[in-house]
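Engineer: Quick one, fold the following:
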Amino acid sequence: MVEKTYDLHDIVQMKKAHPCGENRWKIIRMGADIRIKCEGCGHSVMIPRKKFESKLKKVIEKKEQ
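Structural biologist: Next up is the predicted model:
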């Protein structure tokens, strides 16, 4: 299985879209839990890292160096 690489401030796509219709999320906190913020409505969600990794579809944009 290929490990997906992501970092703080990356834009990611999850398997399911947010109820507002947007499917782009920005990673705003990383640790044992990961907080992601919807790019559409600004709602943020904190989920455990293991659950995040299973629901992550792909990294859309990497943060700028």
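Engineer: going forward, measure contacts and count neighbours with C-alpha atoms only.
Structural biologist: Noted.
Engineer: And stretch 42-59, end to end?
Structural biologist: End-to-end distance of stretch 42-59: 19 Å, with Cα to Cα, to the nearest Å as the criterion.
Engineer: what residues does it touch?
Structural biologist: Stretch 42-59 has contacts (Cα atoms under 8 Å, 6 or more residues apart in numbering) with 4-6, 10-16, 31-38.
Engineer: so of the residues you listed, which ones are in strands?
Structural biologist: Judged by DSSP state E, strands contain the following of those: 11-14, 33-38.
Engineer: and Cys41, how many neighbours?
Structural biologist: For Cys41, the neighbour count with other Cα atoms under 10 Å is 12.
Engineer: Gly21 is in contact with that one, correct?
Structural biologist: No - when contacts are counted by Cα atoms under 8 Å, Cys41 is not listed as touching Gly21 (9.2 Å).
Engineer: so where's the protein uncertain?
Structural biologist: 1-4, 65 (pLDDT under 70).
Engineer: any idea how far Met14 lies from Arg24?
Structural biologist: Look at Met14 and Arg24: by Cα to Cα, they are 7 Å apart.
Engineer: Ile34 too?
Structural biologist: Note on Ile34: its distance to Arg24, by Cα to Cα, is 15 Å.
Engineer: swap in Lys15?
Structural biologist: For Lys15 relative to Arg24 (Cα to Cα), the value is 10 Å.
Engineer: same thing with Lys37?
Structural biologist: 9 Å.
Engineer: Of Lys15 and Arg24, which one has the most company?
Structural biologist: The neighbour count for Lys15 versus Arg24, taken as other Cα under 10 Å, is higher for Arg24 (19 against 11).
Engineer: That one contacts Cys38, doesn't it?
Structural biologist: Yes - Arg24 lies in contact with Cys38 (Cα under 8 Å); the separation is 6.3 Å.
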